[in-house]
Each structure stands twice: as C-alpha cells, then as structure tokens.
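J.: sequence and predicted structure, then a few things I'm wondering about:
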Amino acid sequence: VPSFRSLAASLPVAAFSLPYEGKPEGEATTETDGSPGEESDAEAEAEEEEPPLPPLPDFSTTEGNLWAPIVRRTRAHPNFRSGFCRPHPLHSGKPNLTAKPYGKWCEGNPHVIAIDCEMCLARHSDGKMDPNALCRISVVNGVNPEEVLLDTLVKPDGTVVDYRSWINGISEKNMRGVAFTLDHARDFMLSLLSDQTVVVGHSVKSDLAALNIMHGVVADSALLFRIRDSPRQTPSLGDLSARVLDKAMPETHDSVNDARTALLALERAVGKDLDAFDWEVERVPGLIEKKRKAQREYFQTMRKEARGRGDSSRGRSAERGGRDSSRGRSASRSRDDDGACCLLVHRIPKRCTEEHLSKMFAAHIGDVPAKIPQIEFGRGNTGKVMV
C-alpha cells in the first residue's frame, strides 16, 4: 500500500491560495461555513427512521484516545446519525467508500486530521444537478496543524454551472488545466484514513459527502459549539475564530484556514471535562449583514451579465444563493447553460407547495420565476427544486 505522502507526490496537485491578512477580532468579516447559525434539524429528522449507529473502534493510538471523548460527544448529538450514518448521495455514480482497518500500513500516518472542502454546482451527463461537486480539498495534520497534508483544486465532475466564486474565490480561470479529480481525492483520503482516524471539521458531514466517504469517527465543531442563549443555533466558523481563537476570518473561504480553525477551536476542549467546558459562544455582530451584502453584489453582477445577453427577465429570478443565511431555507444561485439564472432551493418543508414558493419569491424578491417545477421530496421531511 503506497503511503499517503508518496501518493500525494505522484498526484497532479493544483495549488491554490487566497491573499489574506489577519485583522483584529473587532473587524471580523464574513463567516466561512456558509451558514450564520443554523437552527437544529432534530425536530424535522425525528420522524425519520434513524439508521443504526456503528460501534466506535477501540483506539490503538495515543492521539485517538486523546480525542475519543470529543468523538463520543459528537456522536451523541441528535443529528449525528442522519448526517454520518446514512449513505451519501452518489456523485457521478461513485460508490460510498469506507476506510480500511487500522494496521501496520498506517502506523506512520497522522491519526487526527482536519478537513475542509469547497463545492460548486455542476450538471452531470445525465442532466442531474449536483450542488456539492468537489472543487477544492484541504487536509491539515491534526497533530501538527501547521502541516498541510493536501491542498488542491479539484476538477469537478460534469459541467460547472456555478463556481460560487463569491464564497470560495475560485473561478473558471483558476480551473483551467486542473487535472486533479474526485477519484484522486478519494484515493488520497483512503491512503490516509484508517477506521480509527479522527476527522475534525465544521459540518464535516458535507465534506465527507462530497467525497462519498462514510466515516463515523469525527469531531465536528458545528455539532458541539452553540450560540449563547440560542442553543438551537450553530455558530459559524467566523464566530468560533473570533470568540474562541481571538482572530478574524478572511472574507472569502479558504479551506486550509477553515480546517485549521475548526481543529484549533476543538483543541481547546481536548483533555478537559467536556461537561464543564464552555461550548457556548457569542455571535459576532455584523457577520450576517456582510455576507448578505456580498451575496447581493455577486448576484447583481450576474444580473448585469444576463441583461447583456438579452435574458434580463430570467436573470432576475432570484437574488439569494450560495449557502444561504439559514440552512433551513438554503439555496444555490447558478447560471444555466443558456445563460439563464438558476436557483436550487432545498430544505423545503413537506407542507410547502410550488404556489407557496412563488408567493415567497414575490414577497421577498419582487419577482418570480417563469416556472417552478414539482418539488422533489425524498425519504425525509424536506424537499428541493431547481427553478
């Protein structure tokens, strides 16, 4: 079995970085997990049949045993099973993979890693939209946070409809010539992960889903920290960075920084009495407003481009997108192949109809799409639709 380091050296890694200078805590900028405090989905998911919780392995490493209490606390969260124990939606039909058992083959690997991925909206050859197509992956050594094990752009499967540049800083120009694929990323992760490796992140279920990797040994800052006086709300990484680490986040997502921030925030709890540890943080004022402003500016630019192509009426179909301000009403704004603007609306409650969505657009946007297709409801209590 090749080591993850030798494999990484042989892969077509496409380096990418964003300019960033730290600011004092008082100048904290746009949050970087894309959700300024989500409300818990526990009530919505309570009616679904819960998948079984796989047993936690007996840790063979010092690092694993050190992080085990935080892993157990993560697994005790009401939303853990729905996020980590159900098979992920398949990307381009690729199967869900699991890590190999711990053994001599991985004794020299880091046994704690932090991960963060950036995703874009892509259309596969079968016409289906993938709102979580991998376009960047960053992996940080959990034992030595300064060591970046992998940081590369990833060529998305399918045709990119929206790079979500305002979120991640990645553009079509950056992707030219990128040869690193989802298969490369999966191969790297499986050369690094064992069934005992602790994967740290913020809403790390999304990162693992983008890779189609099933892994239940995780420490997730999004499931552990909460907003003070609002226990149903999740703090953003911007909140954690400012309140726990006393530093601000960059305005644009940087997946290396995001992975490292989640790791360092949770490191504060390692070895502590987790019941006595203060998991509550104050919301940083202004983060949500700055994010919404950035969204508006991005979509205004898209509308101007749409007008230039003569499809302005369709370009005004919506002005909310990316990772919306509430995951309960989240959406992804994109551009279709013909230049028209699209909007992926998801987490739609079952009681809502297409007429409700039309009225929502009219009330909050001042415009409505020409047509809203039938909402697709899965096995849960929420649905999605591309308009």
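T.: Right, received. Where do you want to start?

J.: use CA for all of it now, contacts and neighbours both
T.: OK.

J.: what ranges do the helices span in the stretch 251-387 of the chain?
T.: The residue ranges that make up the helices of the stretch 251-387 of the chain, judged by DSSP state H, counting those that start in this stretch, are 255-267, 287-308, 312-315, 354-364.

J.: could you tell me the least trusted of those helices?
T.: Sorting the helices of the stretch 251-387 of the chain by mean pLDDT places helix 312-315 lowest, at a mean of 40.

J.: next up, the contacts around the nearest residue to M214 once chain neighbours are set aside.
T.: Using CA to CA, 6 or more residues apart in numbering and skipping the chain neighbours, the partner closest in space to M214 is T98 (5.2 Å). With contacts defined as CA atoms under 8 Å, 6 or more residues apart in numbering, the neighbours of T98 are L190, D195, I213, M214, H215.

J.: which of those residues fall in strands?
T.: Among these, the subset assigned to strands under DSSP state E consists of I213, M214.

J.: of the contacts of T98, closest to P54?
T.: Distance ranking of these against P54, using CA to CA, places H215 first at 9.8 Å.

J.: can you lay out the contacts of T98 as CSV showing distance to P231 and neighbour count?
T.: Conversion of the contacts of T98 to CSV gives the following (distance: CA to CA, whole Å; neighbours: other CA atoms under 10 Å):
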residue, distance to P231, neighbour count
L190, 35, 16
D195, 31, 20
I213, 29, 21
M214, 28, 19
H215, 26, 23
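
J.: and the strands in this protein?
T.: All strands of the chain, identified by DSSP E, fall at 97-98, 112-123, 129-141, 148-153, 159-162, 198-201, 213-214, 218-220, 226-227, 280-281, 331-335, 341-349, 376-377, 382-386.

J.: indicate which one of these is closest to A185.
T.: For A185, the closest of the strands of the chain is strand 129-141, at 7.6 Å, according to CA to CA.

J.: next one: the closest one to chain centre, how far?
T.: 8 Å (CA atoms, centre = their mean, to the nearest Å).

J.: tell me how far the nearest residue to G383 once chain neighbours are set aside lies from I348.
T.: The shortest distance from G383 to any residue other than its chain neighbours is 4.1 Å, reached at F377 (CA to CA, 6+ apart). In this structure, F377 and I348 are separated by 8 Å, where distance is defined by CA to CA, to the nearest Å.

J.: ranking the strands of the chain by mean pLDDT, which is last?
T.: That would be strand 331-335, which, of all these, carries the lowest mean pLDDT at a mean of 46.

J.: could you count how many residues lie near G383?
T.: Counted with other CA atoms under 10 Å, the burial measure for G383 works out to 18 neighbours.

J.: my guess is it contacts C352. True?
T.: No. The pair G383 / C352 is not scored as a contact, 9.2 Å apart, by CA atoms under 8 Å.

J.: quick one, what contacts the closest residue to I70 other than its chain neighbours?
T.: With CA to CA, 6+ apart as the measure, A219 is the residue that lies nearest to I70, at 6.0 Å, once sequence neighbours are left out. Residues in contact with A219 (CA under 8 Å, 6+ apart) are I70, V71, T74, V198, V199, V200, G201, L266.

J.: do I have it right that the third one meets F80?
T.: This means T74. Yes. Between T74 and F80 there is a contact under CA under 8 Å: 7.0 Å.

J.: which pLDDT does the model give A44?
T.: The predicted local confidence for A44 is 42.

J.: kindly report the same for H91.
T.: H91 carries a pLDDT score of 68 in this model.

J.: before we move on, what about the one 10 residues further on?
T.: pLDDT, P101: 96.

J.: one more: the one 4 residues further on?
T.: As predicted, W105 sits at a pLDDT of 95.

J.: for L237, see how far away it is.
T.: Spatial separation of W105 from L237 under the definition CA to CA is 34 Å.

J.: these two - which one has more neighbours?
T.: L237 (30 against 15).

J.: which ones are touching I137?
T.: Contact analysis of I137 by CA under 8 Å, 6+ apart lists I115, D116, C117, E118, L150, D151, T152, L153, V154, A185, S255.

J.: could you dump these to a markdown table with neighbour count and distance to N168?
T.: Rendered in a markdown table, the data for those read as follows (neighbours: other CA atoms under 10 Å; distance: CA to CA, whole Å):
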| residue | neighbour count | distance to N168 |
| --- | --- | --- |
| I115 | 28 | 15 |
| D116 | 27 | 12 |
| C117 | 30 | 10 |
| E118 | 25 | 7 |
| L150 | 21 | 17 |
| D151 | 22 | 14 |
| T152 | 23 | 13 |
| L153 | 26 | 11 |
| V154 | 27 | 13 |
| A185 | 23 | 18 |
| S255 | 25 | 8 |
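
J.: closest one of the residues you listed to A179?
T.: When these are compared for distance to A179 (CA to CA), V154 comes out closest, at 7.4 Å.

J.: angles on the backbone of the closest one, please.
T.: For V154, the backbone dihedrals are phi -130, psi 130 (criterion: degrees, to the nearest 10).

J.: chain neighbours aside, what residue packs nearest to it?
T.: Nearest residue to V154 in three dimensions, chain neighbours excluded: C135, at 4.4 Å (CA to CA, 6+ apart).

J.: with M249 instead?
T.: In space, M249 comes closest to G238 once its chain neighbours are excluded; the distance is 5.7 Å by CA to CA, 6+ apart.

J.: residues near that neighbour, how many?
T.: Here the count is done by other CA under 10 Å, and G238 has 28 residues near it.
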